[in-house]
Structure formats: structure tokens, C-alpha cells
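Undergrad: here is a sequence together with a model predicted from it:
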Amino acid sequence: MAVVAIDKKDLLAFVGKALDDGELARLVTDLGMPVEKITESEVQVDITPNRPDMFSAEGLGRAISSLAGIKTGLRNYSATDSGVSVSVERSVKKVRPYIAAAIARNVKMDDALVKSLVALQEKLHDTLGRRRRKVAIGFTDFNKLKPPFTYKAVKPDESPFIPLGQSEPWTPARILKELKQGQDYGYILEGHGQYPLICDSEGNVIALPPIITAEMVKITPSTRDVFIDVTGTSQHAVHECLKIICCALADRGAQIQSVNINYGKKTLTTPDLSPLKTMLPIRTVNKILGMDFTTEQIKEYLERMGHGVEIKEKGKLSVVSPTYRNDIFQEIDLAEDVAIAFGYNNFEPILPQFSSIGKRSPSDVRAGLIRDLMIGFGFTEVLAPYITNRATNFEKPMLGEHPAIHIKNPLTENFTMFRSWCIPSLLEILAASKDQKMPQKIFEVGHAAILVDGKPVEQEKLAAAICDPKTSFNEMRSIVEGVAYELGLKLEFAGLDSHPTFIPGRAVEIIMDGKPIGVFGEIHPQVLNNFGIEQPVTAFELKLA
Amino acid sequence: MISLLHQYEKLVIAALLDKASTIEDICKHSQLSRDSVIRALYWLKEKNAVELLEEKTIAFRLEEEGKRFCENGFPEKKLLERVSKGEVDISTLSEEELRIGLPWAKRLNWVEIIQRDGKRVLRMTPKGQEVLVKGYEPEKACRKLAMGAIIGDLDKEQLTALLSRGKIVSKSERMEIRHVRLTSEGERLASQEVLTPTKKEVNLLTKDLIVSGKWRDVSLRKYDSKAPVEKMFPAKKHPLRIVMDRIREIFVELGFEEMEGNMIESSFWNFDALFQPQDHPARDLADTFYLLSPDRIEIPDSELAKRVAKAHQSGWRYAWSKEVAEQPVLRTHTTALSARYVAETGMEKRKAPAKYFAIGRVYRNEATDFKHLAEFQQVEGIIIDEKANFRQLLGILKEFYRKLGFEKIRFRPHYFPYTEPSLEIDVFYEPKQSWMELGGAGIFRPEVCLPLWGKYPVLAWGLALERPVMIMMGLEDIRTFYKNDLGWLRSSPLSKTRV
């Protein structure tokens, strides 16, 4: 999700009607974009990542205009041949293999356009462009360039040029090291020993994508013709971004010209602004939406979403979608557009038509019984987090490390692993509840996980603890035996002197069918100190499955 | 003016009417403790029923050393007891015996020092013998003081003498009731009340009283229904559990079967099977917890993996990597479970049509604050049916929230990579008169369904759990749920989570 701030006056110019704030908010919400704020001069909208075409006033304005019925149907975009070409050298293959380009002629460089274009570029970089790694866009003054162009990779110290905002030539290596943009995005180019450059026929550097363009060819208020270069690691994404930008500029009155991209063996012409065609049986739409729309209704709804529609034969539509709609994969995507145009809240909700028998999971049934049982014993239920850290799981309870589930990319020291047992969670809760009245009796039916032969094993467990000046081994034993009796478990107890969390001689291993399934006992005073607990604690924990 | 006298007050008035005029007399007459009598007297004074003549009196208090002497005996007395068993060599005396015991025993003329075989030994005197029989008065006085017994004039002399002996006792002055007189108001009250209960009053109904029938001869004391009592805390379920149980009940009522599955999951089931491209921002390290151990989780069915790979390659146009799909994660949504259940339907391990739900923990690598948690619960549901459609999706969501107590609900178009159409659900919360976003839903995309199974459409949703419960409980900080502070758990009434 990306929140974009769009100039309201500019937006309404593209809508083609002076809507009040209420209408504007309703239409944008109906399009599926949550409105964050509408002020005197600005509209802030959260644009979902499937509609990058709506990142700018032009794109959002178009969509509102269609939905409101002001200008419906397909908007056609086309590009004439500029005769300009870009030769792609093999050297870029490893570092940044794809480029697409276009020329926008007769651009009226006013404030609104510059603001909108820069915002669009930035949002495309952040989303579709995956922070410039996948796609980066550059704008330069075409009349300062000498075509044809070359897209190639050079060594870090080669081809110094004056980067945007500077006055002397810098090598690519220095730009990456010392310039802010280089420091921010230089990592994208690392590991190949070569950096990509776009150069003109006289060897002048136009840009070092995805970092920066050259000072000499920058856009100025007097620029009339804009050269747009889009580079990246995905050919598809590079082409999609170029289309969105070209359509936005075309909406502002520019004429789009295509550029030939020469990859050696094959040549591509960019941008390809031809619309996307889909044959759509209305049956498909009606079946998935649960409706009985007529062909004409579906035609109208699709036109209000900016599609061109022709009724081909009975029950079938030929749908032509605008070139920037890269989210239209197939029929279902058009069905959603029909639903959006109809209005989600205009559907009459119904219940599913088949009957079925509800069922709780066996483990939840068991957990429910155990919870009732523990509450009967006077224990209050807690819900502890399962992600924890080494200190809590191993160090404070004085337990040696054993194979567990560790997180590779923890954000904080608090969340570094999945807990391997539950008692530390209970001790943390008791420590936080120090000032509360005794006795404190808490329990949890929850999960812990360990690593067995390199595989994660999630275990459902019952754990409980008592914090009270008078709690004792025997009290806990009475409870464990009571639980075992109620659940029909045949448990055996084996004295446990070696568990460092408990007081030696006051701990027991719980055994069922010859296998250890848990422990109980009095918590060692050193462990109580470690957790910051001031009263004696007894606890037990046992595996349920 | 006064409707009722306390039992103590009645007993005190009865004693006063019977000519008692000192605290001691009243205690004796009423069988009440000194404290109770004094309390009752001050209550009566408030009511103008008695006049109290108060006098300054001297009160003694045991100090540190005095307490020790009371417990262990005075050193001179202990020494005397030792000497009474036979002559004692002075060189064998302890530090305390030498410092305190001997000087005092000598001063009091209980012992004398004589020479025996070149050694100085102690021998008891007849005076000492007498003390052994009669007891040591200062010690007796101190012990009375320690027990809170009544201190007579003789005791006071002893205690006053002890004042000069360092930290044994200290003296203070305070007001004490010397004499009590019933006023005319008191007499008026007395005439109105039945002062002496005809039956003995008792607090506790005992087994003895019940079995013997003696309960007929006593009267059980009345309780003041307005006096504060001690708080009691029932053991109970966690507030989130109460709502989770209700949600589970709602889905079971609606014919849903509960799903179960792992929280530690492969990227394949969490992302790839749901048509989330491998470079999707949601898969970033900044959003998802990846695992160091285990370092991979195998993808079981290679045919299935191939179909998923194909959907990604043709839909998103990139080279799909099995290695990336095998990266283990803490599941970011319970939709990973739904993907497995749809695939298992395809493998004929499960039957369709079917309705499934789950309430489970999910994880996001996010900084936690009062609105965000790294670990929280999600309410998941799917309907697999040949005739499943969008209106039914809206219908089941509406019915679910209606049963949960939210009558007003609205839908907004939204985007998820794995559903189309997709929507978000807002419910209207009456007490706050505002809409809140509570979850996402949609119909699984063909790119999700086809590789997994593909025969029937699948309606799916993932709803927030903590947020509506926060609203129900008026909580400001979402972290409260998982902090489990006992004070909070104990003071959160069931009524707040009643739905």
C-alpha cells in the first residue's frame, strides 16, 4: 500500500467535473482505495499495489471520471515512431539487463506536471520498482541528447560525468561512495564490478541507473521534449512502468514517440501502448458474482471501469482494456471490475446453498476440557506470546541450550526464537504481576516447538504455576495427580535432581508409557532471582499430544 | 436519631447501668476486650451517650533490649539460676554475664564472690534464694508489658526504675479514660434498646452448635451489609479466549469444520501457493520472520510445486525458485492453512463441498506498539463449493458479524494477490459511532486454485481478532492481551467480552 498525496484541483481537472469532497471520497472508496484525508487543496489516498496507474492525478482522475459516468469506455493511447534507438550491450546483462524508453514531445512543463511526474516516479520506484532494484525511471531533456543511445556497463572508475546537482565530473565509484543517492541505492549494483550507464552517440553520459542522471541533460522549465528511460531486472515490469508514465504524460497533452531497443539479436519497440483484448462470456461473470446481469448491464459496468466493450454474440463480450491495466490477468479480473462498478454494497448477501455439519478440531475439544479443569483447580488462564528470546527461554531458567527454532531476521532482541517450553513464559507473567494478591495461580494450554533431526516439531502443552508463600512440591503434586486422574492419564513420577530450573530433590519428571512428557517441582531460588520473582513458585508442564 | 446500637455499645451501656465506671469494670462486666470497650466508648461519645473523664497517664514501652530480656530472661536472673546449681568460676562467665549479669546480681546482693582453690567463684546468697522462689519483679513487670496485661502501680515502680538501665523500657504519656458516666441521652437510648441479649451472641455457626442443637440458645450476630469486604478473584478464561470460543461456536453453528496446522511453515504454503510472487514486498525480511533453524522445509509434492511454479512464471513473468519456496517462515497469515486444505481436497484427502475455519496465531516482523503486535491471532475461513459465489461470501461474513454482535457492516473493494474479487470488511461500532476495518476476504484466484486443485471456487477470509475485542473491552493498548498482568486479568469482567 502506498499513500499518495494528489493536488485536488489537478485531480478534478482530470475527472472533468467539480465534485464535492463527499462525492470524491465515495467514488475513490468505491474504487477500492481507502481515502486517508481530503483537505482544502489535497487528496490523500492509499493506493493498492495492483493499480500503480492510479498513483498520479492523471490515472486516479481517469478512473474516477469513468466510474462517475463522466467519461466512460476505453481511452486510446498510441505512440508514433521516433526513429531513435538504444543499443543494449551484453555487458549490462549481469548487473541490470533491461531498458525501455520513450520520448514525450511538446510537454508543457508547468508546476502541476512536474509535481505529479516526480511523485509518480517515486511511487513506482517504491512499489512496482521494489525500491529501484527491479525498476528505476529517469527523465532527461531530449533536445540536449545526441541519439542513438547506448546502454552499457563500465568499470567503476571509467566514464566520469557531472551528476545531477554537481559541478565537476565524478566517477561512478565516487558517486556510489560519496553522493547521497549513491549511498542509498548503490547496494543494488554491488557484486558485479561494473555499473550500467546510458550514453549518447557522442559518448556523453545521460544517466547512471538506478542512481542518478547527468546534470547537463536535466529537465528545466524550458524543456519541451522529455526522454524517459526505464531500466531494471524484469523486462515485464520495465515495460509496464514505461506505459504508466507515457499514459500520464499523454493525458497532459504530450505526444508519445516510441524508441527501438536493440538487444543484438532482437529489437523491441517501446512503449507498446496497444490495449489488452479478452473474450468474456457473461456466464462466467454471473456465476462467480451470483448475479443475473444482462449483457448490456455488464457492458455498462465495464465501461465505467474504463474498458472498451463490444457485444460479439449472445452472451459474449469482447473487452478491450487500457494498456496500463497490468492487473488484468484474465476473466475473473474483469468480473471484479463489474462488481466494483455495480457497487459491493448493492449486492444482496445470501448464505451458501449447501448444508454441512460443523465440527471443532479434536485438539480444541481436548484443550477446552483441560481449560475447564484448570479453572476448576482455581487457575486463571493466560495467553503468552510464543516468540521469545534466548535469555528467557534458556538463560534465566539456567537451562542448557537445545536445538530450537531460531529467527533469522529478528527486529529486536526480544523476539529471536520460538519458545521451546512454556514455564519461562509463566515466570515472566508472575514477575510482571508481583504486586498482585497471592496466591497467584495461572495456566496455559499453548504451543512450544523444538527441532528434532533438523525438523520443527510443534507441541501442544499444558503448563501451570503457583506463586505463593505457602506453595510447595506437594501442592503441585496434588494438582498434577488431579489433572491426570480427571484426564485418565496413567502417569509415573521419577525424582529429578539434575533439572537446573528446579530445586534439587523438589522436582519430578512426569512419565507416561515409559516416555518423559513433562516436569513439575519447586522453582530454584536462583531462577526466581533471575526473573525478579520474590515469592516461592511451583510449576508444571506436560505435553498433550 | 439513632436507629441501632452496635452490640458492643449495648454491652457497654449495660455495664454502665450496672454501676461500672472504669474500663476494667466494663471489660469484666461485658466480657469484651479492652480495645473493643474503648472503641465502643468513643462511638457512644459521638452519640452523646457517655461522658468520658480522660486523664494523662504514663505508658511504658518495651525497647529492643527489653524484648530480648523478656524472651530470654534478664542476664542477672539467668546468672542467678546458673549459680543456684552450684558455685561458678568467674573466669567461665560469658561477655554478657560479666558486663550486665554479674554487676546487677552483686548490687542486688544475690551472689557473693569467694576464693576457692585460688580461683574466684560465685556463690548464691539467701537473698538470691528468695528471688528464685518469688520471682524477679522487674522481669515480671516487663513480661506483663510484653503481653499487654494490665500494669499495676507496683509494676510501674519497677518499670520506672528500669528506665535508667538503658534500652530496656521507655516511657510516654498519653490520655487514658479514667472514668465513664452515662449521660441523660445515654439513659434515653438505654430505655429504647434491649441491652442485654437474652441469648448469647455468636459469630460463627459451628458444627457443635448445629449438631447439639445449642444453636437454639444463641443468637447469630447480624452483619453490616454496608461494610467493605475482602475482594475475591475467580479463576477464569483469558478475555481473548472467551471471544475465540464464541467465534468457534458461531462457525460450528454455521456448519464449519475447524482446521489445524503448523505455525512454522514453508514459504511455499505461506506465499507461493497463494500466488504471491517471490519478490513480493510482503515477503521482505522487514515483514516476515524467516528462520535460521530449521534452514529449510521440504515441499512434499513435486507435481504440485511444478503447477505453482508455472502459475508464477506465466502470471508474474519471472524464474520461480524452489529454494526460495523452501525457506521456512513463521506463518504470516492463517491463509497458509487454507491453501493446504484446498490442496488436500485436490489429493482427495478431504471432501468437497466443504466449509472450514481456523483461529490461529500469525506473525509479522513488525515493531510492536499500542496498535501493533509481532504475534497475533487471525480468524480464517474458506468455503469450497461448485456454486460458491461472491454474494455468498458477503452473506456469510454478514451473518458471522451479526452473530458476533455487529449488525451494521459494509464492504469495500480491496486488493490481495491471492483473491479476486477482493474486499475489506468494515463494521459499525455503535458505542463509538464509527466504522472499523476488521478483515479481508475474497474468492481465491484461479492462479491459486488451479495448481492446488481447481475444480470449485473457494471463498476465503482472514479477520482480525484482537481489534474487535479491544473495542468491546475499551482497551487502548493491544499489548495488554499478551502481557497477562494478573491485576488486569482479575479486574476484566466477563461481561465486557460477552457477545
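TA: That came in fine, so what should we check first? Quantities reported herein were computed from a predicted structural model and do not represent experimental measurements.

Undergrad: domain map for chain B?
TA: What automatic domain parsing lists as the domains of chain B is B:7-57+B:176-220, B:64-170, B:239-497.

Undergrad: is residue A:230 in a helix, a strand, or coil?
TA: strand (DSSP: H, G, I helix; E, B strand; the rest coil).

Undergrad: so where's the stretch 301-450 of chain A uncertain?
TA: The model of the stretch 301-450 of chain A has no residue with pLDDT under 70.

Undergrad: just the stretch 151-300 of chain A next, same as before
TA: Ranges of the stretch 151-300 of chain A meeting pLDDT under 70: none found.

Undergrad: interface residues of the stretch 201-350 of chain B facing chain A?
TA: Selection of the stretch 201-350 of chain B residues close to chain A by CB under 8 Å from any CB of the partner chain yields B:231, B:233, B:235-238, B:240-241, B:245, B:248, B:251-260, B:262-264, B:279, B:281, B:285, B:289-294, B:297, B:315-318, B:328, B:330. Quick note: C-beta positions are derived from backbone N, CA and C, even for glycine.

Undergrad: could you redo the last one with a cut-off of 6 Å?
TA: B:235, B:237-238, B:240-241, B:252, B:255-258, B:260, B:262, B:264, B:285, B:289-294, B:317 (CB under 6 Å from any CB of the partner chain).

Undergrad: sort out for me which of the residues you listed are in strands.
TA: Cross-referencing those against strands under DSSP state E gives B:257, B:258, B:264, B:291, B:292, B:293.

Undergrad: export those to JSON lines and tack on pLDDT and neighbour count?
TA: Output for those, formatted as JSON lines (pLDDT from 0 to 100; neighbours: other CB atoms under 10 Å in any protein chain shown):
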{"residue": "B:257", "pLDDT": "98", "neighbour count": "19"}
{"residue": "B:258", "pLDDT": "98", "neighbour count": "20"}
{"residue": "B:264", "pLDDT": "97", "neighbour count": "22"}
{"residue": "B:291", "pLDDT": "97", "neighbour count": "23"}
{"residue": "B:292", "pLDDT": "95", "neighbour count": "14"}
{"residue": "B:293", "pLDDT": "93", "neighbour count": "16"}
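
Undergrad: what's the closest of those to residue B:203?
TA: residue B:258 (53.2 Å; CB to CB).

Undergrad: low-confidence ranges, the stretch 51-200 of chain B, go.
TA: Looking at the stretch 51-200 of chain B by pLDDT under 70, you get B:194-198.

Undergrad: can you map out the helices along it?
TA: B:64-72, B:75-83, B:95-96, B:102-107, B:126-134, B:137-147, B:153-162, B:184-192 (DSSP state H, counting those that start in this stretch).

Undergrad: buried residues, the second one. List them.
TA: Burial within helix B:75-83, assessed by neighbour count using 16 or more other CB atoms under 10 Å in any protein chain shown, is assigned to B:75, B:76, B:77, B:78, B:79, B:80, B:82, B:83.

Undergrad: what's the angle between that helix and helix B:137-147?
TA: 120 degrees (axes from the mean of the first three to the mean of the last three CA atoms, to 10 degrees).

Undergrad: packing partners for helix B:75-83?
TA: In terms of contact count using 3 or more CB pairs under 6 Å, 6 or more residues apart in numbering or on different chains; DSSP states H and E, helix B:75-83 is assigned the packing partners helix B:102-107.

Undergrad: which elements pack onto the helix it packs on?
TA: For helix B:102-107, the packing partners by 3+ CB pairs under 6 Å, 6+ apart come out as helix B:75-83.

Undergrad: hang on, the earlier thing: what's the most distant pair in the ones in strands among the residues of the stretch 201-350 of chain B next to chain A?
TA: Among these, B:257 and B:292 lie farthest apart (CB to CB), at 35.1 Å.

Undergrad: quick one: residue B:303 is in a helix?
TA: Yes. Secondary structure assignment places residue B:303 in a helix (three-state DSSP).

Undergrad: any idea how far it lies from residue B:448?
TA: With the distance defined as CB to CB, to the nearest Å, residue B:303 ends up 16 Å from residue B:448.

Undergrad: show me which residues of the stretch 201-350 of chain A sit near chain B.
TA: A:236, A:288-290, A:332-333, A:336, A:339-340, A:344-345, A:347, A:349-350.

Undergrad: and those, which is closest to residue A:503?
TA: residue A:349 (60.7 Å).

Undergrad: hmm, the strand or helix carrying residue A:43 in reach of chain B?
TA: Using DSSP states H and E, residue A:43 sits within strand A:42-47. No. On the criterion CB under 6 Å from any CB, strand A:42-47 is out of touch with chain B, staying 9.4 Å away.

Undergrad: I'd like the mean pLDDT over that strand, please.
TA: Regarding strand A:42-47, the rounded mean pLDDT is 94.

Undergrad: so what does that strand touch, helix or strand wise?
TA: strand A:2-7, helix A:8-15, strand A:35-38.

Undergrad: whatever helix or strand comes next after that strand near chain B at all?
TA: With elements assigned by DSSP H and E, the helix or strand that comes after strand A:42-47 is helix A:57-67. No. Using CB under 6 Å from any CB, helix A:57-67 never reaches chain B; the gap is at least 10.9 Å.

Undergrad: all set, thanks.
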